[in-house]
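S.K.: next one to model:
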Amino acid sequence: MPRYNVEIDGREYDILLEYRSERFFATVNGTSFEVQHQPLGESRALLFIGHESLEVDVHSATGNGERTIFMKGIELPATIEEYAVAQMRKAAGISHHHAADNVLKAPMPGLVITLRVAPGDRVAKGTPLVVIEAMKMENIIKARADGIVKSIAVKPGQSVEKSDLLLEFE
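M.R.: Sure thing, here's the model as predicted:
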């Protein structure tokens, strides 16, 4: 049974995944949920949890467990680690946080709808930076760390591909 430590917005979740009686279950911080899963693409899936359906798109941000989760039109930076590894890291006093990149790249192809910052703006972690429309959904791309916007490489109305440069930080 795979077990993971997931951190989203500074909150940690202990997640245990199980397959029993031909059904999937996720236990999150001690509470169990039945989960139905319908793949929609390489990184996208439709999840049915209880009476709620969620379209979720998960992308690897780096090779060290950092992910970007798109759900309900919101980008959520997350860190996913095997539970045992997370416990050893914590016991050793090692942080999984790394210095933030000084560039922001498009996490998916789409159309730039709005820029919410300008060069010289000081931003805090979580500040909305850019809104990209993809598959008829507006996705708000937020700052992963505090910083100052150095330059912006896109304009509203511009199409972008995945990994295109959006803006740079000082």
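S.K.: next, count neighbours for Ser151.
M.R.: 12 (other Cβ atoms under 10 Å). All C-beta atoms are positioned from the backbone trio N, CA, C, and that covers glycine.
S.K.: distance check, the residue of the chain most remote from its centre against Glu34.
M.R.: No residue in the chain sits farther from the centre than Ser21, which is 31.1 Å out by Cα atoms, centre = their mean. Distance, Ser21 to Glu34, by Cβ to Cβ, to the nearest Å: 10 Å.
S.K.: go on, Glu161?
M.R.: 37 Å.
S.K.: and if you look at Met71?
M.R.: Computed with Cβ to Cβ, the distance linking Met71 and Glu34 is 19 Å.
S.K.: quickly list what the residue nearest the centre of the chain is bridged to.
M.R.: With distances taken as Cα atoms, centre = their mean, Thr68 lies nearest the centre of the chain, 2.0 Å away. Counting by DSSP bridges, Thr68 forms beta bridges with His59, Pro77.
S.K.: for it, which residues are in contact?
M.R.: Thr68 sits next to Val58, His59, Ser60, Ala61, Glu75, Leu76, Pro77, Ala78, Pro107 when contact means Cβ atoms under 8 Å, 6 or more residues apart in numbering.
S.K.: which one of those is nearest Tyr13?
M.R.: Ala78 (9.3 Å; Cβ to Cβ).
S.K.: how close does that closest one get to Gly157?
M.R.: Look at Ala78 and Gly157: by Cβ to Cβ, they are 30 Å apart.
S.K.: also Gly65?
M.R.: 35 Å.
S.K.: which of these two has more residues huddled nearby?
M.R.: Shown here are Gly65 and Gly157; by other Cβ under 10 Å, Gly65 has more neighbours (19 against 8).
S.K.: didn't the more buried one look like it was pressed against Ile80?
M.R.: Yes - in terms of Cβ atoms under 8 Å, Gly65 counts as a neighbour of Ile80; the distance is 5.3 Å.
S.K.: domain assignment for this protein?
M.R.: 3-91, 103-169 (automatic domain parsing).
S.K.: which of the ones you listed is buried the deepest?
M.R.: domain 103-169 (a mean of 16; mean count of other Cβ atoms under 10 Å).
S.K.: pLDDT on that one, on average?
M.R.: The average pLDDT within domain 103-169 is 92.
S.K.: please apply the same query to stretch 17-35.
M.R.: Stretch 17-35 shows a mean pLDDT of 91.
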